[in-house]
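K.L.:
only the shape, not the letters, is given here:
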């Protein structure tokens, strides 16, 4: 018998278990939402929000059983409270495949305007936001962040080549600057638009400790100030 006979026939019609285990019979749409939502949950947890591991560890199959093959984006919304600050609450909204227009943004703001403790809004979009919608967001009292769904399919902080980033507290920042007799503007800079800065929601003036580890350089630590 051909050693490949158990995997497929001549026409490639019959796949063995070693190949079918890699075949995803579900929709691309549900898979994208699954990956993006998981990254968002990990991101919120890394920012200090109370996210149960059971939500992060849900499998693709469990996600599809819960939300379906074509998820209703309304059901994908996430509301989370910070572990150490009960006044800090975030809302995550998946905007779906439609263009994000001004009426949609106004509708969202009207819905959340009276929500207690809600002071941060994260929008996951699939298509560009119109200039009018952007202006309305910028003029609102909510701190708003926008992520393209394609940027959330992989958690960049898990990449093997990415160094470890740790946000310093105000006290730790002052201690660092005093130790080396520096001003924060003299530290190496990190753009607020940097992918890591966006992941952690870093603000201007905050300082992060960056630890590089490898077999060649072992461990190297540097500090960067967000600008």
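P.N.:
Alright, I've got the coordinates. Keep in mind that what you see is a predicted model, and the values were worked out from it rather than measured.
K.L.:
count the residues that sit near residue 86.
P.N.:
Neighbourhood size, residue 86 [other CB atoms under 10 Å]: 10. No exception for glycine: its C-beta is placed from N, CA and C like everyone else's.
K.L.:
repeat that for the one 3 residues further on.
P.N.:
Burial of residue 89, expressed as a neighbour count using other CB under 10 Å, amounts to 17.
K.L.:
which residues touch it?
P.N.:
Counting by CB atoms under 8 Å, 6 or more residues apart in numbering, residue 89 touches 79-82, 115-120.
K.L.:
could you do residue 225 as well?
P.N.:
Contact analysis of residue 225 by CB under 8 Å, 6+ apart lists 184-185, 187-190, 205-207.
K.L.:
next up, phi/psi of the nearest residue to it once chain neighbours are set aside, please.
P.N.:
Nearest non-adjacent residue to residue 225, counting by CB to CB, 6 or more residues apart in numbering: residue 187, 4.2 Å away. Phi and psi for residue 187, reported as degrees, to the nearest 10, are phi -80, psi 150.
K.L.:
which parts of the helix ranked longest in the chain are buried?
P.N.:
Determined from DSSP state H, the single longest helix within the chain is helix 28-46. Residues of helix 28-46 classed as buried under the neighbour-count rule (16 or more other CB atoms under 10 Å) are 30-46.
K.L.:
over to stretch 187-204?
P.N.:
Result for stretch 187-204 [16+ other CB under 10 Å]: buried residues 187, 190, 194, 196-202.
K.L.:
try stretch 88-107
P.N.:
Using 16+ other CB under 10 Å as the test for burial, stretch 88-107 gives 88-96, 100, 102, 104-105.
K.L.:
in contact with residue 124, which residues are there?
P.N.:
Contacts of residue 124 by CB under 8 Å, 6+ apart are 36, 40, 92-95, 147-149, 152.
K.L.:
let's verify residue 84: helix, strand, or coil?
P.N.:
Put simply, residue 84 is coil when judged by DSSP: H, G, I helix; E, B strand; the rest coil.
K.L.:
of all residues in this structure, which one is nearest the centre?
P.N.:
residue 40 (3.7 Å; CA atoms, centre = their mean).
K.L.:
so what pLDDT did it get?
P.N.:
According to the prediction, residue 40 has pLDDT 98.
K.L.:
which of the buried residues of stretch 88-107 fall within helices?
P.N.:
102, 104-105.
K.L.:
got the domain ranges for this structure?
P.N.:
With domains defined by automatic domain parsing, the chain comprises 28-154, 157-226.
K.L.:
list the buried residues of the helix or strand encompassing residue 210.
P.N.:
Taking DSSP states H and E as the criterion, residue 210 maps to strand 207-214. For strand 207-214, a neighbour-count test (16+ other CB under 10 Å) marks 207-210 as buried.
K.L.:
what about the helix or strand that that strand is followed by, distance to the chain center?
P.N.:
Scanning forward in sequence from strand 207-214 by DSSP H and E, the next helix or strand is strand 218-226. Put simply, strand 218-226 sits 22 Å off its chain's centre (CA atoms, centre = their mean, to the nearest Å).
K.L.:
my guess is residue 76 meets residue 37, correct?
P.N.:
Yes: between residue 76 and residue 37 there is a contact under CB atoms under 8 Å: 5.9 Å.
K.L.:
find residues that contact each of those two.
P.N.:
residue 94.
K.L.:
what's the distance between residue 56 and residue 84?
P.N.:
19 Å (CB to CB, to the nearest Å).
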